[in-house]
Structures are given as C-alpha cells and as structure tokens.
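A.B. asks: From the sequence below, what's the structure:
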Amino acid sequence: MFKKMKLKKEIEQSKQKIAELEQKRARSQAALVEAILLKTEPKDDDVDFFNKFTEQIEEERQHMHDLMKELDALNK
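C.D. replies: Coordinates of the predicted model:
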C-alpha cells in the first residue's frame, strides 16, 4: 500500500517537472520560430536550450512511464 502511494506521488512530481521543462522549452522554441519567420539564422544558444530541454523532457517522460508500469504491476 505504501509503495503505491509513493509511486503515485512520484508520478505527480514527474508530471509537474515535465510541465516546468516544457514551459522553459517554449521560450527557446518561440525564439526559434521568430528566427524562421524573420528568415534569419537562429542563435546557437536558443538551439542548444531547445535541444537540452527536449532531451530532459524525453528522459523524464520515460521515467514517468516506468513508474506507471510499476504501479500497474502492483495493481494487478
């Protein structure tokens, strides 16, 4: 029972972390879109931030999916 509660809490924390990272990524994404619309070369920093946050989001999503699988296995 305690394990299930702990997993649910970790899943919620993971969802919050993903939302925060997506918000940060949106800032660099906006800069990239602006560069495309203005037909200019995007700044390297904006590209690096976008890639960094995207990688972190993917890792956190994988972690969350692993937690959800573990929770499902306990529910069976």
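A.B. asks: Next up, the contacts around the residue sitting nearest the centre point of the chain.
C.D. replies: The residue lying closest to the centre of the chain (CA atoms, centre = their mean) is Ile57, at 2.4 Å. Contact analysis of Ile57 by CB atoms under 8 Å, 6 or more residues apart in numbering lists 18, 21-22, 25. C-beta coordinates here come from the backbone N, C-alpha and C atoms, glycine included.
A.B. asks: I'd like to know which of those residues are buried.
C.D. replies: Taking 16 or more other CB atoms under 10 Å as the criterion, what is buried in these is 18, 21, 25.
A.B. asks: Give the burial count for Leu67, as a bare number.
C.D. replies: By other CB atoms under 10 Å, 19 other residues sit near Leu67.
A.B. asks: isn't it right up against Ile11?
C.D. replies: Yes - assessed by CB atoms under 8 Å, Leu67 is found in contact with Ile11 at 5.1 Å.
A.B. asks: Identify, from the buried ones among the contacts of Ile57, the entry nearest to Arg61.
C.D. replies: Ile18 (6.3 Å; CB to CB).
A.B. asks: what helix or strand is the residue nearest to the centre of the chain on?
C.D. replies: According to DSSP states H and E, Ile57 maps onto helix 44-75.
A.B. asks: And for Met1, the neighbour number?
C.D. replies: Residues near Met1, counting by other CB under 10 Å, number 6.
A.B. asks: Test my guess that Lys17 contacts Glu60.
C.D. replies: Yes - in this structure, Lys17 is within contact of Glu60 by CB under 8 Å, at 5.5 Å.
A.B. asks: that older thread, let me have the contacts of Ile57 in CSV, adding pLDDT and secondary structure as columns.
C.D. replies: As requested, these are exported to CSV (pLDDT from 0 to 100; DSSP: H, G, I helix; E, B strand; the rest coil):
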residue, pLDDT, secondary structure
Ile18, 98, helix
Leu21, 97, helix
Glu22, 97, helix
Arg25, 96, helix
